[in-house]
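A.B. asks: below: sequence and its predicted model.
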Number of protein chains: 4
Amino acid sequence: MSGARCAAPEGEPVPQRLLAAATRLFAERGYDRTSVQEIVEAAGVTKGALYHYFGSKDDLLHEVYGRVLRLQQERLDAFAGSRAPVETRLREAAADVVVTTIENLDDTTIFFRSMHHLGPEKLAQVRAERRRYHERFRALVEEGQRSGVFTAATPADLVVDYHFGSVHHLGAWYRAEGRLSAQQVAGHLADLLMRALRP
Amino acid sequence: MSGARCAAPEGEPVPQRLLAAATRLFAERGYDRTSVQEIVEAAGVTKGALYHYFGSKDDLLHEVYGRVLRLQQERLDAFAGSRAPVETRLREAAADVVVTTIENLDDTTIFFRSMHHLGPEKLAQVRAERRRYHERFRALVEEGQRSGVFTAATPADLVVDYHFGSVHHLGAWYRAEGRLSAQQVAGHLADLLMRALRP
Amino acid sequence: MSGARCAAPEGEPVPQRLLAAATRLFAERGYDRTSVQEIVEAAGVTKGALYHYFGSKDDLLHEVYGRVLRLQQERLDAFAGSRAPVETRLREAAADVVVTTIENLDDTTIFFRSMHHLGPEKLAQVRAERRRYHERFRALVEEGQRSGVFTAATPADLVVDYHFGSVHHLGAWYRAEGRLSAQQVAGHLADLLMRALRP
Amino acid sequence: MSGARCAAPEGEPVPQRLLAAATRLFAERGYDRTSVQEIVEAAGVTKGALYHYFGSKDDLLHEVYGRVLRLQQERLDAFAGSRAPVETRLREAAADVVVTTIENLDDTTIFFRSMHHLGPEKLAQVRAERRRYHERFRALVEEGQRSGVFTAATPADLVVDYHFGSVHHLGAWYRAEGRLSAQQVAGHLADLLMRALRP
DNA sequence: CATGAATGAGTGTTCATTCAT
DNA sequence: GATGAATGAACACTCATTCAT
């Protein structure tokens, strides 16, 4: 009866097991095609346990978002805050967001596909954090434009949306078993961005 | 009974009214947050009428897809087939897909967000048409790379995914009432692509 | 466009084609699993045509019943009214109802399975005709019992229900492609009845 | 709120109440004239409760079948396995199936009228159990035919179908408030069978 | 005579959530 | 902390029937 019968090991704490199961299922079949029943079965717990730790189904979604937002914000802060020249900082940040997106492809796929299932106040919160991330990235572009190492022909926020568009889109085509590693893809996409910014 | 009480004018034929209502609602709140009941109310008809013309809810989605796929394929064919130099042809195609995406922002938003709700065989069909579109675009990039007017540093399909990523992403940020017109956005995004391809 | 494309030949009049199609479909999948749409498609006409000739879906059922009731009543009248000895008359009637049931197995299967779908007044009418048929048959049994050629140990109506039970049940097991012909089955069942009635 | 307002007493467990309500309604108006809504109202619970215990509407039907099949199989085993002479064993089995059919007339009426509403795999299972029952009964007939106490003029399976036909048919005419008790009917029908088998 | 678009009440089923234990 | 029976509103979809043409 006990032991390692289910995918989620009983060693890990219940909330983590629930979150892991939900993440996998949301990415596999989408938020609304996944029932709470399926999540608790995959996590090897009962419905009561889920509602003990999470207020609702979309709380789970919110937690997934929190995880990926926190991760990306932290990494961006690290790259942007270095003392390297701006083109190095932007390049590394641009490549890193690709790598971490691929490494957490489930989370980010869910992010961009299921946002609209959050309730209004959680959605507002997520959007605010997202905007902060965008602005931080945009500041790097603007810094380079002001100092002349990047062309100012294109408004900085368009540049940011251009790059992030391709990042969002990774879930639509990137396959781990494919020809290119995460690092190779990141290198190529960062190259494209840097070339597009040459004066 | 008569008059302009509902959003969908009674003058138009019922199938068009249904499709218009569905498109708007799918774009506003997503495919599965939209009930069939809401669609028929918005169109001013009854459920029976909907199922008289469409086999299922996801038939409506499929019709939206058909419309946008046909439109984009035709426009790409026109641009790609011209006699202009390859950099002109690619630039115009790249800008045009932005303009038509913005002009049909509801349809394209639905497209990229709700694809996974189609049944397997409809999904396969849509994906096949989508792939053809991609390949046509990629052929332009490769032509330029072979003739040396574009850099070959980045594989052509990555370039295409890079550009289309930003196109898919338009629905996430473009607002008609914003600062930039569709043409201006298209010009900027095409510039970014062309600069990224400079040798 | 014209010709013999559909199962129901266009040569036959429309009401007959409808009735034939309905009979086949009712027997195949039951009354409620058959939609009016399927009937008209199988008959190669439109819904309007059906409602032109028949007042409702259960009118079709009623017509099927009428056909089989009329047929069986007529045949029973013929056998019962002959001048042969009563044991011959009963035996022949008992065998004949088996043969005609098998020859119209679709109709009779529908009859015994779908009766309860008729509206109250049609149901009453069918039941009345059915009862007349039963009574006619019972009269033969009683005649033989009074004259001593049949045992009177079992009440005549139980005898009739015994025999008709096995007739109703034919649809559950008889297969045209099976080992026994309709006549052989009829012979055996009539034998069983006659032996059961021996004094 | 409390009290004896509904047919199903609140003392009994919910699944039993649902099954009892379903049995009664299926027998009264047939499987498909009975809606799930009517069943839950009769049982005094909600739809959610029904689907908590039963996977689907036809699961209810299947449960009814299971009950009657189990009962009849057990009783037949008891009678067939006794040490009495074969004519006694067959007579008692033939009479007993009539008594238990009458005592569970709702269940058996449903059985013979609604079988075809089961899904394919459930139907196959029920048919297999039914066939076992038939074969057990047929073995008794064959045993008597081999030993010469029964005539071999009629094939044994025809004899079995003859008798079971009349059993199936009981629901069509037997009324508890009628002239004959279950035992009396059973006696008469067993008599008919035994007389029909006399050499 | 016949059409087929349109109706509207109805179907079985799902599911996030609650709460007595 | 955790259970799982029970809720109740919502869901996509069906279909016999009607009626303007």
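C.D. replies: Cool, got the structure.
A.B. asks: drop to CA atoms for contacts and neighbour counts, all remaining ones
C.D. replies: Will do.
A.B. asks: so who does the residue in chain A that chain D sits nearest to touch?
C.D. replies: Here the residue of chain A nearest chain D is A:Gln37; by Cα to the nearest Cα that distance is 12.1 Å. By Cα atoms under 8 Å, 6 or more residues apart in numbering or on different chains, the residues touching A:Gln37 are A:Lys47.
A.B. asks: tally of neighbours for whichever residue of chain A sits closest to chain C?
C.D. replies: Sorted by distance to chain C under Cα to the nearest Cα, the residues of chain A start with A:Arg33, at 29.4 Å. If you count neighbours by other Cα atoms under 10 Å in any protein chain shown, A:Arg33 ends up with 13.
A.B. asks: same check on A:Phe54?
C.D. replies: Residues lying near A:Phe54 (other Cα under 10 Å) number 16.
A.B. asks: run a quick neighbour tally on the nearest residue to it once chain neighbours are set aside.
C.D. replies: Of all residues not flanking A:Phe54 in the chain, A:Leu60 sits nearest, at 6.8 Å (Cα to Cα, 6 or more residues apart in numbering or on different chains). Using other Cα under 10 Å, A:Leu60 has 21 neighbouring residues.
A.B. asks: my read: A:Leu60 touches A:Leu19, true?
C.D. replies: Yes. The pair formed by A:Leu60 and A:Leu19 meets the contact definition of Cα atoms under 8 Å, at 6.6 Å.
A.B. asks: contacting residues for the residue most central in space within chain A?
C.D. replies: Nearest to the mean C-alpha position of chain A, by Cα atoms, centre = their mean, lies A:Thr108 at 3.8 Å. By Cα under 8 Å, 6+ apart, the residues touching A:Thr108 are A:Val68, A:Thr101, A:His168, A:Gly171.
A.B. asks: JSON lines for these, including distance to C:Glu121 and pLDDT?
C.D. replies: Listed next are the contacts of A:Thr108 as JSON lines, based on distance: Cα to Cα, whole Å; pLDDT from 0 to 100:
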{"residue": "A:Val68", "distance to C:Glu121": "69", "pLDDT": "88"}
{"residue": "A:Thr101", "distance to C:Glu121": "71", "pLDDT": "94"}
{"residue": "A:His168", "distance to C:Glu121": "67", "pLDDT": "92"}
{"residue": "A:Gly171", "distance to C:Glu121": "65", "pLDDT": "91"}
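A.B. asks: how about A:Arg83, secondary structure?
C.D. replies: The three-state assignment at A:Arg83 reads coil, by DSSP: H, G, I helix; E, B strand; the rest coil.
A.B. asks: what does chain A put close to DNA strand E?
C.D. replies: Within chain A, the positions near DNA strand E by Cα under 7 Å from any atom of the strand are A:32-37, A:47-48, A:51, A:55-58.
A.B. asks: any idea how far the host helix or strand of A:Gln72 is from the chain center?
C.D. replies: Per DSSP states H and E, A:Gln72 falls inside helix A:57-80. Chain-centre distance of helix A:57-80: 7 Å, with Cα atoms, centre = their mean, to the nearest Å.
A.B. asks: can you tell me the closest non-neighbouring residue to A:His188?
C.D. replies: Of all residues not flanking A:His188 in the chain, B:Thr154 sits nearest, at 6.0 Å (Cα to Cα, 6+ apart).
A.B. asks: returning to that earlier point: list the helices and strands the helix holding A:Gln72 packs on?
C.D. replies: For helix A:57-80, the elements it packs on are helix A:14-29, helix A:86-103, helix A:105-114, helix A:120-147, judged by 3 or more Cα pairs under 8 Å, 6 or more residues apart in numbering or on different chains; DSSP states H and E.
A.B. asks: give me that answer again for 6 Å
C.D. replies: Helices and strands touching helix A:57-80, by 3 or more Cα pairs under 6 Å, 6 or more residues apart in numbering or on different chains; DSSP states H and E, are helix A:86-103.
A.B. asks: who touches stretch A:176-194?
C.D. replies: A:Arg91, A:Ala94, A:Ala95, A:Val98, A:Val99, B:Thr154, B:Ala196 (Cα atoms under 6 Å, 6 or more residues apart in numbering or on different chains).
A.B. asks: sort out which residues of that stretch are buried, please.
C.D. replies: For stretch A:176-194, a neighbour-count test (16 or more other Cα atoms under 10 Å in any protein chain shown) marks A:Ala182, A:Val185, A:Ala186, A:Gly187, A:His188, A:Leu189, A:Ala190, A:Asp191, A:Leu192, A:Leu193, A:Met194 as buried.
A.B. asks: so which of these is the closest to D:Arg24?
C.D. replies: Set against D:Arg24, the nearest of those by Cα to Cα is A:Ala182 (64.3 Å).
A.B. asks: what strand or helix carries A:Arg175?
C.D. replies: Applying DSSP H and E, one finds A:Arg175 in no helix or strand.
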